[in-house]
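S.K.: For reference, the sequence and a predicted model appear below.
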Amino acid sequence: MSQYLILIYDDETAWANADEAAVGRIHEGHGKFGANNEGVIAGGNALQATSTATCVRPDGSGGFTVTDGPFAETKEALGGYYLVEAADLDEAIALAKQVPVLNGSLEVRPIMVFE
Amino acid sequence: MRVTRDIDIAEECVQDAYAQALVAWPAQGVPNKPGAWLTAVARRKALDLLRRDAVLRRRLPLLVSDDVEAAPEITDEIPDDRLRLICTCCHPALAPDAQVALTLRLLCGLSTAEVARAFLVSEPTMAARITRAKKKIAAAGIPYRVPTASELPARVDAVLAVVHLVFTTGHTAPAGEDLVRADLTGRALDLARMLYLLVPGNPDVTGLLALILLTDARRNTRVDEAGALVLLADQDRTRWDRGEIDEGIALAREALRSRPPSRYALQAAIAAVHDEAPTWESTDWNELVALYGVLARMWHSPVVALNRAVAIGFARGPAAGLAALDALGDEPLLAGYGYLPAARADLLHRLGRDDEARTAYEEALLLTENGVERQFLAGRLAALTE
């Protein structure tokens, strides 16, 4: 078994404007995803909006620059993730297809293993 | 492929098997099932390599999937190995150009230099592309296995798209001095035949094999002795490959039996209409308009709509054709597609509107990079200017 991170990139504006029913459907979708895949979900979290993000960047001379905002301003932002166990990429993709998004997409990244 | 979990070893073994075939076949004759023979040899080589290499031997449990004991047996499950391999090479998680490159490299045994030449990129560029794809296969865990029954249709689609692309790239090279690259069309035909055996009864697979045969049947008449383009209207139909046409038509009939007809089956039917017409004048254009109409409804490709407009131009006259073509004028996907202004130029010329036809030919020339096609367009333009 390998581990994969499923990164959830979604449209924050769409989230901000979503009605209760739409938000309810997404939450329900996550609940179902969790219940159906209990054995293979190794972790996962939702993130606060990028408006709460802070960037910390080493300035090269021992100090740091700390600024407000996410690493990159994009329409679709990282909003959450699942860490899953899968035999191969096809299994991981099959899991990603079950993760609900409002108006975004899912990125599947294999976890690096150091031997 | 199932035996070695490492694609580099697999690649080396396939190459070795091809090399061994070159030595063994002239001496012993071609075996009954050459594909099976190649895979069997490649598998033996893989096992030899794995046993020989001490480092690999330590990692053998990782490299050889579940059944180390059963692996050396050479059995009839060989076609599965080819299907596994092509499904891995054409995995949708790989970039399309990498899918094509891996397929030519691993299934057809082309060298990196040959694949690079086919796609008009430098050998280091192609080598980097293949290396990147192989790294992704290993790191992302793209599986070597036959997709499950529910996955198979989508995966077969991806494989067919690659085979079709190899064929069309060979049929009309995107650039360069030759119109046809027989090396690529031949490989595509081999791959389509292989898939027809591996995925029996699939109307898309059958349709693609039919389409390739029915198109390839005209390969010898598409350019003259001097290498200049000869239009379908002017080709010597007695030199078309009757064997391929008969085989293609039988396969097209088989593919068209499934409802709704598959995209490739319809394209094959269109090619068959041309192949069956003894002369250009006797071409059944109304049948072609109808077939393109059905195709356009199931496959929203502006190129299909363009071909339908051309067919309308012959079935109902150039004015009707031009009207159908102009309806496509602002289609963004056709911007930069040289066949649109070329088709327009021909219709305008047939309507006696030569000034506009000249402009359209000039536009087509700007958008065409194949040397033979450029020469043809320049000839048409010159004829209008005289």
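M.R.: Looks like it came in fine.

S.K.: Any part of stretch B:98-118 near chain A?
M.R.: No: using C-beta under 8 Å from any C-beta of the partner chain, stretch B:98-118 stays clear of chain A, coming no nearer than 14.4 Å. Every C-beta, even on glycine, is put in place using the N, C-alpha and C of the backbone.

S.K.: okay, how far is it across that stretch, tip to tip?
M.R.: 13 Å (C-alpha to C-alpha, to the nearest Å).

S.K.: what's around residue A:19, how many residues?
M.R.: 7 (other C-beta atoms under 10 Å in any protein chain shown).

S.K.: and residue B:110, what is it in contact with?
M.R.: B:104, B:118, B:187 (C-beta atoms under 8 Å, 6 or more residues apart in numbering or on different chains).

S.K.: Now for the most far-flung residue of chain A relative to its centre: which residues touch it?
M.R.: Residue farthest from the centre of chain A, counting by C-alpha atoms, centre = their mean, is residue A:61 at 32.7 Å. Contact criterion C-beta under 8 Å, 6+ apart gives no residues in contact with residue A:61.

S.K.: Model confidence score at it, please.
M.R.: If you check residue A:61, the pLDDT there is 93.

S.K.: returning to what we had before: return the subset of the contacts of residue B:110 lying in helices.
M.R.: B:118, B:187 (DSSP state H).

S.K.: which SS class is residue B:201?
M.R.: Here residue B:201 takes the coil state, with states given by DSSP: H, G, I helix; E, B strand; the rest coil.

S.K.: how many neighbours does it have?
M.R.: Neighbours of residue B:201 under the rule other C-beta under 10 Å: 9.

S.K.: Tell me the pLDDT of it.
M.R.: For residue B:201, the pLDDT comes out at 88.

S.K.: What about it? Give its phi and psi, please.
M.R.: Dihedral angles of residue B:201 (phi, psi; degrees, to the nearest 10) stand at phi 80, psi 10.

S.K.: and the gap between it and residue B:156?
M.R.: Separation of residue B:201 from residue B:156 (C-beta to C-beta, to the nearest Å) stands at 12 Å.

S.K.: Same question for residue A:98.
M.R.: 23 Å.

S.K.: do the same with residue B:382
M.R.: Residue B:382 is 46 Å from residue B:156, by C-beta to C-beta.

S.K.: which residue packs closest to the closest residue to chain B within chain A, ignoring adjacent ones?
M.R.: Nearest residue of chain A to chain B: residue A:88, at 3.8 Å (C-beta to the nearest C-beta). In space, and not counting its chain neighbours, residue A:88 is closest to residue B:143: 3.8 Å by C-beta to C-beta, 6 or more residues apart in numbering or on different chains.

S.K.: Can you report how many residues neighbour the one you found?
M.R.: 16.

S.K.: part of a strand, is it?
M.R.: No: according to three-state DSSP, residue B:143 belongs to no strand; its state is coil.

S.K.: Test my guess that it contacts residue A:89.
M.R.: Yes: using C-beta atoms under 8 Å, residue B:143 is in contact with residue A:89, at 6.7 Å.

S.K.: surely residue B:130 meets residue B:112?
M.R.: Yes: between residue B:130 and residue B:112 there is a contact at 6.3 Å, judged by C-beta under 8 Å.

S.K.: Mutual contacts of these two, please.
M.R.: residue B:105.

S.K.: quick one: which of residue A:98 and residue B:156 has more around it?
M.R.: The neighbour count for residue A:98 versus residue B:156, taken as other C-beta under 10 Å, is higher for residue B:156 (22 against 15).

S.K.: List the contacts of the more buried one.
M.R.: Counting by C-beta under 8 Å, 6+ apart, residue B:156 has contacts B:195, B:199, B:202, B:204-205.

S.K.: any idea which element it lies in?
M.R.: Element membership for residue B:156 (DSSP states H and E) is helix B:152-171.

S.K.: now residue A:81
M.R.: strand A:76-86.

S.K.: All the strands of the chain, in order from the start?
M.R.: I went with chain A, as the question did not name one. For chain A, strands defined by DSSP state E occupy the ranges A:2-11, A:41-46, A:54-58, A:64-68, A:76-86, A:105-110.

S.K.: Okay, now the sheet partners of the longest one, with direction.
M.R.: Read that as strand A:76-86. Take DSSP bridges as the rule and strand A:76-86 pairs in its sheet with strand A:2-11 (antiparallel), strand A:41-46 (antiparallel).

S.K.: who touches stretch A:5-23?
M.R.: Residues contacting stretch A:5-23 (C-beta under 8 Å, 6+ apart): A:26, A:49-50, A:75-84, A:92, A:95-96, A:99, A:101-109, A:111.

S.K.: For that stretch, buried residues please.
M.R.: A:5-12, A:15, A:18 (16 or more other C-beta atoms under 10 Å in any protein chain shown).

S.K.: following the host helix or strand of residue B:114, which helix or strand shows up next?
M.R.: Per DSSP H and E, residue B:114 falls inside helix B:112-118. As assigned by DSSP H and E, the chain's next helix or strand after helix B:112-118 is helix B:123-140.

S.K.: quick one: average confidence on that following helix?
M.R.: Helix B:123-140 comes out with an average pLDDT of 93.

S.K.: what residues are up against whichever residue of chain B sits closest to chain A?
M.R.: Proximity of chain B to chain A (C-beta to the nearest C-beta) peaks at residue B:143, 3.8 Å away. Contacts for residue B:143 (C-beta under 8 Å, 6+ apart) come out as A:87-90, B:88.

S.K.: next one: phi and psi at it?
M.R.: The phi/psi pair for residue B:143 (degrees, to the nearest 10) is phi -80, psi 150.

S.K.: Low-confidence stretches in chain A?
M.R.: Along chain A, the model assigns pLDDT under 70 to no residue.

S.K.: So for residue B:8, what's the pLDDT?
M.R.: 64.

S.K.: for residue B:223, same thing?
M.R.: So residue B:223 comes in at 86 (pLDDT).

S.K.: What average pLDDT does stretch B:379-386 get?
M.R.: On average, stretch B:379-386 scores 85.

S.K.: can you check stretch B:84-104 too?
M.R.: Mean pLDDT, stretch B:84-104: 90.

S.K.: Flag every buried residue along that stretch.
M.R.: So stretch B:84-104, judged by 16+ other C-beta under 10 Å, has buried residues B:84-91, B:93-94, B:98-104.

S.K.: rewinding a little: make a ChimeraX selection of whichever of the contacts of residue B:143 turn out to be buried.
M.R.: Entered in ChimeraX, the line below selects the buried ones among the contacts of residue B:143, by 16+ other C-beta under 10 Å:
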select /A:88,89,90 /B:88
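
S.K.: can you put the strands paired with strand A:76-86 in a markdown table and add distance to residue B:286?
M.R.: Output for the strands paired with strand A:76-86, formatted as a markdown table (distance: least, C-beta to C-beta, whole Å):
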| stretch | distance to residue B:286 |
| --- | --- |
| strand A:2-11 | 49 |
| strand A:41-46 | 59 |
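
S.K.: So which of these is nearest residue B:324?
M.R.: Residue B:324 sits nearest to strand A:2-11 of all the strands paired with strand A:76-86, at 39.1 Å, using C-beta to C-beta.

S.K.: the inter-axis angle of that closest one versus helix B:123-140?
M.R.: Computed by axes from the mean of the first three to the mean of the last three C-alpha atoms, to 10 degrees, the angle separating strand A:2-11 from helix B:123-140 equals 100 degrees.

S.K.: pLDDT below threshold where in the stretch 251-386 of chain B?
M.R.: B:386.

S.K.: what about 80?
M.R.: Along the stretch 251-386 of chain B, the model assigns pLDDT under 80 to residues B:329-336, B:385-386.

S.K.: just to revisit the earlier point, how far out from the middle of the chain is the strand holding residue A:81?
M.R.: 3 Å (C-alpha atoms, centre = their mean, to the nearest Å).
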